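A.B. asks: Need a 3D model of the following:
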Amino acid sequence: MRRRLVWVLPLLLVAGCAAGPNALSSPHAPAGFWLGLWQGLIVPITFLVSLFNERVSIYEVHNNGNWYDFGFVLGIYIVFGSVLTGARRR
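C.D. replies: Next up is the predicted model:
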């Protein structure tokens, strides 16, 4: 029971951070580096949510260009790159 709770509780906390449509964003405030980094970090959860909800996408189309892309890719690398490099033997 405790072992299951150790996995379920963090999963629920992370799922609450999944990206969705932002009604408060305006066309005059495109997503920048920090939002790109955040969305890159939560991309695994966002991808799962996007499979079941067509209003959720993993990439913000209204962004400021290269800085958003850099943050998004850096966030993805932090999540998936650290998992892949941790499995190497020295």
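
A.B. asks: Quick check: buried residues in stretch 34-43?
C.D. replies: If you call a residue buried by 16 or more other Cβ atoms under 10 Å, then stretch 34-43 has these buried ones: 35, 36, 37, 38, 39, 40, 41, 42, 43. From N, CA and C alone the C-beta is placed, and that goes for glycine too.

A.B. asks: so where do the helices sit in the chain?
C.D. replies: Taking DSSP state H, the helices of the chain run over residues 2-15, 33-41, 43-52, 66-76, 82-85.

A.B. asks: So, low pLDDT: which residues of the protein?
C.D. replies: Of all residues in the chain, those with pLDDT under 70 make up the ranges 1-28, 82-90.

A.B. asks: 90 instead, please
C.D. replies: Across the chain, the ranges flagged by pLDDT under 90 are 1-32, 35-36, 39, 50, 53-65, 78-90.

A.B. asks: For burial, what's the neighbour tally of the closest residue to residue 40 other than its chain neighbours?
C.D. replies: With Cβ to Cβ, 6 or more residues apart in numbering as the criterion, residue 40 has its nearest non-adjacent residue at 2.0 Å, and that residue is residue 75. Residue 75 is flanked by 20 other residues according to other Cβ atoms under 10 Å.

A.B. asks: one step back: closest one to residue 51 out of the buried residues of stretch 34-43, please.
C.D. replies: Within those, distances to residue 51 taken as Cβ to Cβ reach their minimum at residue 43, with 12.8 Å.

A.B. asks: Does that closest one touch residue 58 like I think?
C.D. replies: Yes: counting by Cβ atoms under 8 Å, residue 43 does reach residue 58; the two are 5.5 Å apart.

A.B. asks: for the residue nearest to residue 40, what are its contacts?
C.D. replies: Under the criterion of Cβ atoms under 8 Å, 6 or more residues apart in numbering, the contact partners of residue 75 comprise 36, 37, 38, 39, 40, 41, 42, 43.

A.B. asks: ok, it to residue 36 distance?
C.D. replies: Plainly put, residue 75 is 7 Å away from residue 36 if you go by Cβ to Cβ, to the nearest Å.

A.B. asks: Much appreciated, bye for now.
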